[in-house]
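Colleague: For reference, the sequence and a predicted model appear below.
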Amino acid sequence: MARAKALIVWGTGSGVGKSLLTAGLLRHLRRLGVRAAPFKAQNMANHARVVRGGEMASAQWLQALAAGAEPEVRMNPVLVKPFGERGAQVVVLGRVDPFLSGLPWKERKAHLEAPIREALEGLLEEYEVLVLEGAGSPVERNLWPDLPNLKVAEWANARALLVADVDQGGSLAALFGTWALLGEHRERLLGFVLNKFRGDLELLKPAYGLLQAWTGVRVLGTLPLLPLALPEEDGFRHRLQGQRGPRVALLRYPHAANLDEFWPLPELAQVRYATLPEEAEGADLLILPGSRLPARDLPWLRAFLPAIRRHLEAGKPLLAVCGGAEMLSEVLLDEEGVEERGTFPGLGLLPFRVRMRPEKTLQKRRVRLEGLFGYWERLNGLEVEGYEIHHGEGLPLFHQEGSLLATWLHGLLENPGVQRALFGREARGLEEALDQLADALERHLDLSALHRALGLAGKVHAKHPTAAFAAVGTSETPSHSSDLGILRYETKAQALSPQPTPSPPDPPPRPGLVLVLGGAKSGKSRFAQSLAGPFATLIATAEARDAEMAERIARHRAERPPTWETLEEPLDLVGALSRARHPTVVVDCLTLWVANLMEKGLDPLAEAQRLLEAALGSNKRLILVSNEVGMGIVPQNALARRYRDLLGQVNTLLAQEAEVYLLFAGRPLRLGPGHQGMEPGLFNPEVDLDPKG
């Protein structure tokens, strides 16, 4: 099997929707009949599932379900479970690594590359497409070289999407700032995605044009804030919005873990997090979830003890899961410091002593429930599935004391039978929610660029002929078209093979000359802008001599990246070049410059020679924009003919030392290097695209 194509989903920060977008893309690929799988090199979360090989982050477990692939630890080779400020438990390929868990973060990184790359390469050999999820933001320059975002993208030769959260505000700045800080890695970008939008989309759409004008990268669309009940990578971010059913209080202690297993509750009950005892009062059902550090959560939970006692004395049900049940025992013993060394008195509501062992129990379970009474009697006879993931020993798998049900088993409320028994109805289920997520992506995003980058055009046409036909009419074209070297115009990346090398800050551009030619409205200014990147000096040669020209200048100014410096100079380009503070300089345009020089009685060829010599000695990258005027009809008056000839000669002179692009209807054609040992003015057959014509 050929090596898989790869796409990586980067985000402008944590919580912006990377996990959700990755899951939706994988379900979309499954619909196309593509054998796809998720991959996240390193995830920091206290939400994990037990799968083949050990434990993995819940987010990648869900993404595997979306893809129709069996979840396995290679899909999340490194899982970091934070202990708060004092450290973390490091899980490598499904198992806790005590050695790495004891190392500082900087020393740990060197040991993680090998297992991450091994897992990635194995999956690339076994699937058609991998959808990688980045971690946090890919532009935390203080953490470079970046392993989970940039290094894995390089290893997989992945193209990239960048997603931002509109609901948090500042998404336009976040997308542009992330793009700017990506440096050479921005060449991987296929498009931007805006997520969690509420309101009138027409108010947001002007940002599309600004972003594309500034970066050359398209906005593929905007996802609305979707009301989907899916497990959250970080349960604390989950908005609990249940409006009907029994009142449920989920105690949210500082180190609560595996909150993702309670995803069905907002559909089934009026559920809320309780962080204060009074917020738990009046609940019909109390839930104590798992805890990453029960010894540290015990003092917090002890403040709830009076409320818990009143709840139980009233005969109301309480469900305590894993770490929640451990804290209700008589005592927690951790002689070896597995989590927190010491002896810790529990709340004493369960007649057990729990001891922490270095070996972690990781086990999927299928259990038939019997012998329960009271509120919990309705579960008798049900076969339930779940998983154990704990260091503690000393509790039964299930134990009931009055209306208190304690269990090691995570995932009890994810069983449809349990949902029907306790709440009278089922949550929609993960499959339905994942399908709704994929529906939203297909409805709101233009996925044609993704299909082409992943080589899926044929599959898309076969599955969705209407969508495939619509994609033909978009402004994008394949990365390379035939053997003529026609390049897609989105960013410099689409014209070059991505070879990112992390070196903060951005490496200085390669000095030299670039000449961008084209007719009117051919897209040459935007293409020059995409070549220049986020930090450049523009030398503008236009003067606002009438209202129409003033409007043109204003429009071009609005389309420039806000990080650019602008120098207005109609004549002295050499002087402006010396004043430019950025190492990349764009002159837009030579067409007006030649006209300005002629009007002042100056010699354009002599000035062009001065500019050429200054550019070659400046150690700057100079990008010159000019019209190609020699292909039209011969002007009727002598002055116009003289202007046309001079501009053609200026273009020819500069092209001898320049990398030259010619734009036709927005599509750039690279003509090759300039000076190749020829005398100026001689025809270069390597530049002639059609020698017979």
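Modeller: Nice, I can see it.
Colleague: Next SSE downstream of the helix or strand that contains A173?
Modeller: Counting by DSSP states H and E, the element that carries A173 is helix 171-181. Using DSSP H and E, the helix or strand that directly follows helix 171-181 along the chain is strand 189-197.
Colleague: quick one: contacts of that next one?
Modeller: The contact list for strand 189-197 (CB atoms under 8 Å, 6 or more residues apart in numbering) reads 7, 16-17, 20-21, 159-168, 171, 175, 179, 182, 204, 207, 211, 217-225, 445-446, 449-450, 453, 490-491, 493. Every residue, glycine included, has its C-beta placed from N, CA and C.
Colleague: for it, the distance to its chain's centre please.
Modeller: 8 Å (CA atoms, centre = their mean, to the nearest Å).
Colleague: Check stretch 99-110 too.
Modeller: Centre-to-centre, stretch 99-110 and its host chain are 26 Å apart (CA atoms, centre = their mean).
Colleague: got it, and stretch 142-158?
Modeller: 13 Å.
Colleague: Next, the distance between the ends of it.
Modeller: With CA to CA, to the nearest Å as the measure, stretch 142-158 spans 23 Å from end to end.
Colleague: Could you do stretch 307-319 as well?
Modeller: Taking CA to CA, stretch 307-319 runs 14 Å from one end to the other.
Colleague: Could you tell me which of the contacts of strand 189-197 count as buried?
Modeller: Buried members of those, scored by 16 or more other CB atoms under 10 Å, are 7, 16-17, 20-21, 159-167, 171, 175, 179, 182, 204, 207, 211, 217-224, 445-446, 449-450, 453, 490-491, 493.
Colleague: How about F304: what's its closest non-neighbour residue?
Modeller: Residue nearest to F304 in three dimensions, not counting chain neighbours: P277, with 5.1 Å by CB to CB, 6 or more residues apart in numbering.
Colleague: Tell me, how many residues neighbour the nearest residue to D146 once chain neighbours are set aside?
Modeller: Setting aside the residues directly before and after it, D146 is nearest to P138 in space (CB to CB, 6+ apart), at 6.0 Å. When neighbours are defined as other CB atoms under 10 Å, P138 has 25 of them.
Colleague: Give me the phi and psi angles of P138.
Modeller: phi -80, psi 0 (degrees, to the nearest 10).
Colleague: Likewise for R108?
Modeller: Main-chain dihedrals, R108, degrees, to the nearest 10: phi -70, psi -30.
Colleague: Touching, V91 and P77? I think so.
Modeller: No: counting by CB atoms under 8 Å, V91 does not reach P77; the two are 9.1 Å apart.
Colleague: P246 is in contact with V271, correct?
Modeller: No: using CB under 8 Å, V271 is not in contact with P246, being 9.0 Å away.
Colleague: hey, what's in contact with both of V91 and P77?
Modeller: Here V91 and P77 have no joint contacts, going by CB under 8 Å, 6+ apart.
Colleague: Go through the buried ones among the contacts of strand 189-197 and flag which are in strands.
Modeller: Judged by DSSP state E, the buried ones among the contacts of strand 189-197 include 7, 159-165, 219-224 as members of strands.
Colleague: Between V271 and P246, which has more neighbouring residues?
Modeller: Higher neighbour count among V271 and P246: V271, with 24 against 17, using other CB under 10 Å.
Colleague: Pretty sure the more buried one sits in a strand.
Modeller: Yes: per DSSP: H, G, I helix; E, B strand; the rest coil, V271 lies within a strand segment.
Colleague: Kindly provide the distance from it to R247.
Modeller: V271 sits 8 Å away from R247, taking CB to CB, to the nearest Å as the criterion.
Colleague: Next: A36.
Modeller: Counting by CB to CB, the gap from A36 to R247 is 41 Å.
Colleague: And L103, by the same measure?
Modeller: 45 Å.
Colleague: For the spatially closest residue to E140 that is not a sequence neighbour, give its distance to L124.
Modeller: In space, E140 comes closest to D146 once its chain neighbours are excluded; the distance is 7.1 Å by CB to CB, 6+ apart. To L124, D146 is 20 Å away according to CB to CB.
Colleague: Same question for F664.
Modeller: In terms of CB to CB, F664 sits 37 Å off from L124.
Colleague: Show me which of these two is the more surrounded one.
Modeller: L124 (22 against 13).
Colleague: Nearest residue to the more buried one in space, please, no chain neighbours.
Modeller: A4 (4.6 Å).
Colleague: Would you confirm that the one you found contacts L123?
Modeller: Yes: between A4 and L123 there is a contact at 7.2 Å, judged by CB under 8 Å.
Colleague: list residues touching both of these two?
Modeller: Residues touching both A4 and L123 (CB under 8 Å, 6+ apart) are L130.
Colleague: pretty sure the residue nearest to E140 contacts S137?
Modeller: No: taking CB under 8 Å as the definition, D146 is not a contact partner of S137, at 9.2 Å.
Colleague: residue contacts, F527?
Modeller: For F527, the contact set (CB under 8 Å, 6+ apart) comprises G216, Y489, V516, G518, Y661, L663, P668.
Colleague: one more time with 7 Å, if that's ok
Modeller: Taking CB atoms under 7 Å, 6 or more residues apart in numbering, we find F527 in contact with Y489, V516, Y661, L663, P668.
Colleague: Okay, and it sits in which element?
Modeller: Following DSSP H and E, the helix or strand that holds F527 is helix 524-532.
Colleague: Give the next helix or strand downstream of that helix.
Modeller: Following helix 524-532 toward the C-terminus (DSSP H and E): strand 537-540.
Colleague: Convert the C-alpha atoms of that next one to PDB, please.
Modeller: Output in PDB follows, covering the C-alpha atoms of strand 537-540 (Å, rounded to 0.1, in the frame of the first residue of the first chain):
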ATOM      1  CA  THR A 537       7.900  47.200   3.100                       C
ATOM      2  CA  LEU A 538       5.800  48.400   0.200                       C
ATOM      3  CA  ILE A 539       7.100  51.200  -2.000                       C
ATOM      4  CA  ALA A 540       3.900  52.600  -3.700                       C
END
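Colleague: who touches it?
Modeller: Under CB under 7 Å, 6+ apart, the answer for strand 537-540 is 560, 564-569, 573, 576, 580-582, 585-588.
Colleague: Do me a favour and average the pLDDT over that strand.
Modeller: For strand 537-540, mean pLDDT is 94.
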